[in-house]
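Peer 1: This is a predicted model, with the sequence first.
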Number of protein chains: 2
Amino acid sequence: MFVTHLECSATGELYEADKPHNLSRAGKPLLVRYDLDAVKGALTREALASRPAGMWRWRELLPLPDGVEPVSLGEPETPLVPLTNTGGPNLLVKDEGRLPTGSFKARGLAMAVSMAKHFGVRRIAMPTNGNAGAALAAYGARAGMKSLVICPDETPAINVRETAAYGAEVYVANGQIDECGRIVGEGAAAGKWFDCSTLKEPYRIEGKKVMGLELAEQLGWELPDAIFYPTGGGTGLIGMWKAFDELEAIGFIGKKRPRMYAVQAAGCAPIVRAFETGAESAERWENAATIATGIRVPKAIGDFLILRAIRESGGAAIAVEESEIALAVEDAARDDGFLLCPEGGAVLAAWREALKRKLVAEGERVVLFNCANGNKYPLPDKSGRLDLAKVDLALL
Amino acid sequence: MFVTHLECSATGELYEADKPHNLSRAGKPLLVRYDLDAVKGALTREALASRPAGMWRWRELLPLPDGVEPVSLGEPETPLVPLTNTGGPNLLVKDEGRLPTGSFKARGLAMAVSMAKHFGVRRIAMPTNGNAGAALAAYGARAGMKSLVICPDETPAINVRETAAYGAEVYVANGQIDECGRIVGEGAAAGKWFDCSTLKEPYRIEGKKVMGLELAEQLGWELPDAIFYPTGGGTGLIGMWKAFDELEAIGFIGKKRPRMYAVQAAGCAPIVRAFETGAESAERWENAATIATGIRVPKAIGDFLILRAIRESGGAAIAVEESEIALAVEDAARDDGFLLCPEGGAVLAAWREALKRKLVAEGERVVLFNCANGNKYPLPDKSGRLDLAKVDLALL
């Protein structure tokens, strides 16, 4: 294992590796640090390419100690699918819906649950807008742990039911995700369970970071011009930004970075508001509401890290309307046979908005993140009825 | 391209390659034949391993001519996930839910639509119990073709809606899949569209065959002891059996074959009935009914090929009750964090039945096919309510 220590993302204070952690003493996320010189000596692109595809081929850049078996449900390298008809051959969707439990939450939870199991944790908990809770419960079940999940009202029923199917204790509560998170935090403080909330434990981000590692490898070690990322807690965006620095330090990529675009819904856009006002962190968004529940996060604990990454990258934060989200989902399905999740629709809509604002140019190589399987979300019924006894072929 | 010709699966009559076909003059499925000696000379295991993973790495054993771009939505190699807690480390699920549109139907339709586009077909049609129609529509959309899909009553709403989202014309009809198929056949005969029904066009099976090719490669070129396959039309089972012969002919595997188990629901088990009575083909099953709609196929045109393969392999056909299907889905989710689709549940239930009947032994290496993403199917609501203003931590 190449982990040297953990570090407070706000103060730089150091913390010991290979033990369970939540927030730093300053109440901020901890980041895992590696001996990247040693990784550089130990890992070549060729060695990497010869391993089975998927997140565990990146073992030198992950915190799970050597010889410890990960808790796995088969985490593949997710494909990059061009939306050729919608935006041309350089508009690529990284389809995270192919992961276990049908969302990119599997990456973070595979890592966090693997670490928790290694540390002997017996019960895990989190607040969730849906997909993260399902992933927690699935990996928890596999690891033989108990899971507790608290979801806000309006969490999609499919996620709530799926989470319970994995044997988790699931509650639907009258509040937003940060309010559900308060209960999870109190129970963790009382020693009832381990808190697996986004960025309140340091290993989920290491799993999410693999999106950035994979992207670099898939594109021949040349990062794209821009990345559009659906931003709730922002773990993936922060994680990819960290991944790119680590890849440069081990000599796998050069200095080029993509412009990072954090995408939010107009009904819950705290990062966009902070970005536009020049603030370093974001105020809580009141009365948050959007069909894209995965990005309905009024207050993200990593807000300052998200804002820092998008500014350093020369990117931006972009909010999109509900009608634009729905239109984008419809268009990509009809024109490219690709069913985006609502958050993926938001990302496509944001790319269209960025084209209009000339933040991106036609033909630039852009990666959109589709964070979950589109089949998890309700669609309108557009079918007709046919009476087989009275079919008039001329009408078909 | 290494295709030499097509061949009637019943009479052996030869047909010209590289053109659209439906059934043979004898009304039976056509099978694609290759110059396997030439493939043996052209393809090594090492060359294969160096290509990007996924179905298109098998190009020498597929019918799409060299240089023709496939119609693709990103078809990965699907993972083999052990159901360790449910059945031990040698009970492997091949998780076909990771494919585009969330089911193994993507394999066959990626191939069939690629060929249809190559031949200049403009409109495609099929009857479907759900997932095949969605895959037809998605690949059709990508290829710029029009699609028409006719579904029986009781086709899951999620499939019907998904298919329409891809821009297909979708009808729900008062009959079983073979009755819907009759209308599709009549329209095809009238020149209104091309009929893409299972085994009524010869290229879907070539896509499905890749399941067998992948399996061999993933298991280090040593096939498993047994395969349990959810059997409706049976294309995948027939396709894998064909794949194994082709792999042996090109020197990639030896003579060992898995025992093939065709799994059906007790409410629609024509193949099981034919297997048990020693018949060479199957009678239509009247009043077919099962929650596992993907295997609700009263009459399969490839029945004699399915029966031949399972008998040659030393396998069997096994029917399972609805309650056993539901129990298997529940158990794998709760104990292994793996959400099977109902057809996947049927397959796990059949493995349990086979253990009881001593058809398989504990510890044998067995592959179960989970044909679709479990998230496409309804689950019970087992969540509780939580009032955030009145939480008693002691009760959580």
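Peer 2: Received the coordinates, thanks. Numbering: from 1, shown residues only, chains lettered A, B, ... in the order given.

Peer 1: Nearest to the spatial middle of chain A, which residue is it?
Peer 2: residue A:236 (4.4 Å; C-alpha atoms, centre = their mean).

Peer 1: which strands and helices sit next to the strand or helix carrying that residue?
Peer 2: Using DSSP states H and E, the element containing residue A:236 is helix A:235-249. Based on contacts counted as 3 or more C-beta pairs under 8 Å, 6 or more residues apart in numbering or on different chains; DSSP states H and E, the elements that helix A:235-249 packs against are helix A:36-42, helix A:204-208, helix A:210-218, strand A:226-230, strand A:259-265, helix A:303-313. The C-beta positions use only the backbone N, C-alpha and C, and glycine is treated the same way.

Peer 1: Indicate which one of these is closest to residue A:63.
Peer 2: Taking C-beta to C-beta, helix A:204-208 is the member of the helices and strands packed on helix A:235-249 nearest to residue A:63, at 5.4 Å.

Peer 1: Okay, buried residues for stretch A:76-90 please.
Peer 2: Within stretch A:76-90, the residues scored as buried using 16 or more other C-beta atoms under 10 Å in any protein chain shown are A:76, A:77, A:78, A:79, A:80, A:81, A:82, A:83, A:85, A:86, A:87, A:90.

Peer 1: Excluding covalently adjacent residues, which one is nearest to the fourth one?
Peer 2: Distances taken as C-beta to C-beta, 6 or more residues apart in numbering or on different chains put residue B:74 closest to residue A:79, at 3.1 Å, once the chain neighbours are dropped.

Peer 1: on that earlier part again, now, which of the buried residues of stretch A:76-90 lie within helices?
Peer 2: Cross-referencing these with the helices (criterion: DSSP state H) gives A:85, A:86, A:87 as the overlap.

Peer 1: List, out of the residues you listed, those positioned next to chain B.
Peer 2: By C-beta under 8 Å from any C-beta of the partner chain, the members of these lying near chain B are residue A:85.

Peer 1: Which single one of the ones in helices among the buried residues of stretch A:76-90 is nearest to residue A:37?
Peer 2: Sorting those by how near they are to residue A:37, with C-beta to C-beta, puts residue A:87 at the top with 40.3 Å.

Peer 1: tally of neighbours for the residue nearest to that closest one when sequence neighbours are not counted?
Peer 2: For residue A:87, ignoring the flanking residues on the chain, the nearest one in space by C-beta to C-beta, 6+ apart is residue A:351 at 7.0 Å. Burial of residue A:351 is recorded as 27 neighbouring residues (other C-beta atoms under 10 Å in any protein chain shown).

Peer 1: Regarding residue A:92, what is its secondary structure?
Peer 2: Following DSSP: H, G, I helix; E, B strand; the rest coil, residue A:92 is assigned to strand.

Peer 1: State the distance from it to residue B:167.
Peer 2: For residue A:92, the distance to residue B:167 (C-beta to C-beta, to the nearest Å) stands at 22 Å.

Peer 1: again with residue A:262
Peer 2: Distance of residue A:262 to residue B:167, computed by C-beta to C-beta: 31 Å.

Peer 1: Look at those two and report which has more neighbours.
Peer 2: residue A:262 (27 against 20).

Peer 1: Go ahead and confirm the more buried one touches residue A:306.
Peer 2: Yes - A contact is recorded between residue A:262 and residue A:306 when judged using C-beta atoms under 8 Å, the distance being 5.8 Å.

Peer 1: Tell me the residues that contact both of these two, please.
Peer 2: A:231, A:234, A:237, A:271 (C-beta atoms under 8 Å, 6 or more residues apart in numbering or on different chains).

Peer 1: rewinding a little: which among the buried residues of stretch A:76-90 gets closest to residue A:47?
Peer 2: The shortest separation between residue A:47 and any of these is 16.0 Å, and it belongs to residue A:77 (by C-beta to C-beta).

Peer 1: Model confidence score at the closest one, please.
Peer 2: pLDDT for residue A:77: 96.

Peer 1: Skipping its backbone neighbours, what lies nearest it in space?
Peer 2: Nearest residue to residue A:77, sequence neighbours excluded (C-beta to C-beta, 6+ apart): residue A:53, at 4.4 Å.

Peer 1: Tell me how many other residues surround the one you found.
Peer 2: The number of residues near residue A:53, taken as other C-beta under 10 Å, comes to 18.

Peer 1: can you check the one 3 residues further on too?
Peer 2: Per other C-beta under 10 Å, the neighbour tally for residue A:56 reads 18.

Peer 1: How about residue A:312?
Peer 2: Considering only other C-beta under 10 Å, residue A:312 is surrounded by 11 other residues.

Peer 1: again with residue A:123
Peer 2: Residue A:123 is flanked by 17 other residues according to other C-beta under 10 Å.

Peer 1: for the residue nearest to residue A:25 when sequence neighbours are not counted, what are its contacts?
Peer 2: In space, not counting the residues next to it along the chain, residue A:25 is nearest to residue A:13; the distance is 6.7 Å by C-beta to C-beta, 6+ apart. Contacts here follow C-beta under 8 Å, 6+ apart; on that basis residue A:13 touches A:7, A:24, A:25, A:26.

Peer 1: try residue A:1
Peer 2: A:18, A:63, A:64, A:65, A:66.

Peer 1: Report the rounded mean pLDDT for stretch A:258-271.
Peer 2: According to the model, stretch A:258-271 has a mean pLDDT of 98.

Peer 1: can you give me the strands for chain A?
Peer 2: Assignment of strands within chain A using DSSP state E yields the ranges A:3-8, A:14-15, A:30-34, A:80-82, A:91-95, A:123-127, A:146-152, A:169-173, A:194-195, A:226-230, A:259-265, A:316-320, A:366-370, A:384-386.

Peer 1: Which one of the ones you listed lies nearest to residue B:266?
Peer 2: Taking C-beta to C-beta as the measure, the strands of chain A were each checked against residue B:266, and strand A:384-386 came out nearest at 28.9 Å.

Peer 1: partner strands of the closest one, parallel or antiparallel?
Peer 2: According to DSSP bridges, strand A:384-386 has the following sheet partners: strand B:169-173 (parallel).

Peer 1: gap between the nearest residue to residue A:70 once chain neighbours are set aside and residue A:105?
Peer 2: Spatial nearest neighbour of residue A:70, excluding adjacent residues (C-beta to C-beta, 6+ apart): residue A:114 at 4.5 Å. For residue A:114, the distance to residue A:105 (C-beta to C-beta) stands at 14 Å.

Peer 1: And for residue A:196?
Peer 2: 11 Å.

Peer 1: ditto for residue A:8
Peer 2: Taking C-beta to C-beta as the measure, residue A:8 falls 25 Å from residue A:105.

Peer 1: How about residue A:393?
Peer 2: Distance from residue A:393 to residue A:105, counting by C-beta to C-beta: 47 Å.

Peer 1: Thanks a lot, catch you later.
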